[in-house]
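Q: Okay, here's the prediction I keep looking at, along with the sequence it came from:
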Amino acid sequence: MADFIAKTIEEGEMPSTQIIIPPIEHKEWKLFTDGASTSDGSGAGLMLVSPEEKEFTYALHFEFSTTNNEAEYEALLAGLRLARDLNIQHLKAFVNSLLVVNQVTGTFEARSPTIQQYLAKAKELIRQFTGFEIEHARRSQKKKADALSKLASITFAHSAKEVLVETLERRSIEAEEGNDLYPDEDNTWMKPIKDYLAYGLLPEDKGEARKIRIKAPSYKLQDGKLYRKSLLTPWLRCVGPSQATIIIQEMREGVCGFHAGLRSIVAKIMRLGY
């Protein structure tokens, strides 16, 4: 995420926002996944390929033991979550495990209670895509994801910095406690735009109402959160002052604090008065 922010923010554009990828309405992305369980550990590798054939690689290291089938499901679930969070609408998945493919398509039945939970979670995520296909990956297609999964299952100390690595402390099928790190604030500059987009409400002042009508087409309300639209650049998650402060602190001192590109961006943000 740190690399993504550093590469995405163009020179001169420094809004106080959280960045996400815009949705792809008609173009298909490809997902390649592979899970590995060895005596040294378990892990998963996945690769997202954009319609323009740009590759995004990702590796997962599990701090819990898994069977090979469970590792394959963890890889698939991680890929589905990543694609969902990037607002990808059309996805074609190439999975290393023929068993997982046949269970997802309904050809084979999942008998193990644990695998049944994994299958249910996968179907839940799949329903969030406009279009979805799944196939068994051919040997030539799965080399990179296979290498990532084996690397993550043993160690990721020598991973190239272009590969994002995440450690999972618990299984994806275990219940998670909800925690919104960036809760929406009530009375900010966003409220009039939200009210207009959601309910058609406008301020009583005619001048302010006219401004909202002009601004509104540049924004979209999704799941109660406001995003600024863009055709050529990533969508921008709109945030209030307190949220912006939290994000800047994370960029400067938190999980991104040691990233050189982020430090330079934070310095510019501060100079511009955000």
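A: Thanks, I have the structure now.
Q: Now do the helices in the stretch 151-274 of the chain.
A: Assigned by DSSP state H, counting those that start in this stretch, the stretch 151-274 of the chain shows helices spanning 190-199, 206-215, 241-253, 260-271.
Q: Can you name the helix or strand that residue 37 falls in?
A: Per DSSP states H and E: residue 37 is located in strand 24-38.
Q: mind listing what that strand pairs with, with the direction of each?
A: Looking at strand 24-38 with DSSP bridges, its partner strands are strand 41-49 (antiparallel), strand 88-95 (parallel).
Q: what about residue 131, distance to residue 235?
A: Distance, residue 131 to residue 235, using C-beta to C-beta, to the nearest Å: 20 Å. Quick note: C-beta positions are derived from backbone N, CA and C, even for glycine.
Q: Name the residues of stretch 102-110 that are buried.
A: Buried residues in stretch 102-110, counted by 16 or more other C-beta atoms under 10 Å: 103-104, 110.
Q: Between the two ends of that stretch, how far is it?
A: 10 Å (C-alpha to C-alpha, to the nearest Å).
Q: what sits up against it?
A: The contact list for stretch 102-110 (C-beta atoms under 8 Å, 6 or more residues apart in numbering) reads 76, 95, 99, 115-116, 118-119, 122-123, 126, 134.
Q: The same query, at a cut-off of 6 Å, please.
A: With contacts defined as C-beta atoms under 6 Å, 6 or more residues apart in numbering, stretch 102-110 is touched by 116, 119, 122, 134.
Q: Which helix or strand contains the residue nearest to the second one when sequence neighbours are not counted?
A: In space, not counting the residues next to it along the chain, residue 119 is nearest to residue 110; the distance is 4.6 Å by C-beta to C-beta, 6 or more residues apart in numbering. Per DSSP H and E, residue 110 falls between elements, in no helix or strand.
Q: show me where the chain has strands.
A: In the chain, the strands defined using DSSP state E lie at 17-19, 24-38, 41-49, 55-62, 88-95, 131-136, 164-168, 219-222, 225-228, 236-238.
Q: Tell me which of these lies nearest to residue 68.
A: strand 24-38 (4.9 Å; C-beta to C-beta).
Q: Please write out the alpha-carbon positions of that closest one in PDB.
A: Extracted as PDB, the C-alpha positions of strand 24-38 are listed here (Å, rounded to 0.1, in the frame of the first residue of the first chain):
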ATOM      1  CA  ILE A  24     -13.600  -1.700 -14.000                       C
ATOM      2  CA  GLU A  25     -17.000  -2.100 -15.500                       C
ATOM      3  CA  HIS A  26     -16.500  -4.200 -18.600                       C
ATOM      4  CA  LYS A  27     -12.900  -5.300 -18.600                       C
ATOM      5  CA  GLU A  28     -11.900  -8.700 -17.100                       C
ATOM      6  CA  TRP A  29      -9.000  -9.100 -14.600                       C
ATOM      7  CA  LYS A  30      -7.300 -12.400 -14.100                       C
ATOM      8  CA  LEU A  31      -6.400 -14.000 -10.700                       C
ATOM      9  CA  PHE A  32      -3.800 -16.800 -10.300                       C
ATOM     10  CA  THR A  33      -3.600 -18.500  -6.900                       C
ATOM     11  CA  ASP A  34      -1.600 -21.200  -5.200                       C
ATOM     12  CA  GLY A  35      -1.400 -22.400  -1.600                       C
ATOM     13  CA  ALA A  36       1.400 -24.600  -0.100                       C
ATOM     14  CA  SER A  37       1.600 -26.500   3.200                       C
ATOM     15  CA  THR A  38       5.000 -27.900   4.200                       C
END
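Q: Quick one: work out the angle between that strand and strand 55-62.
A: 40 degrees (axes from the mean of the first three to the mean of the last three C-alpha atoms, to 10 degrees).
Q: Contacts for strand 24-38, please.
A: Residues outside strand 24-38 that contact it (C-beta under 6 Å, 6+ apart) are 43-51, 66-68, 71-72, 74-76, 79, 88-96, 142, 145-146, 149-150, 153.
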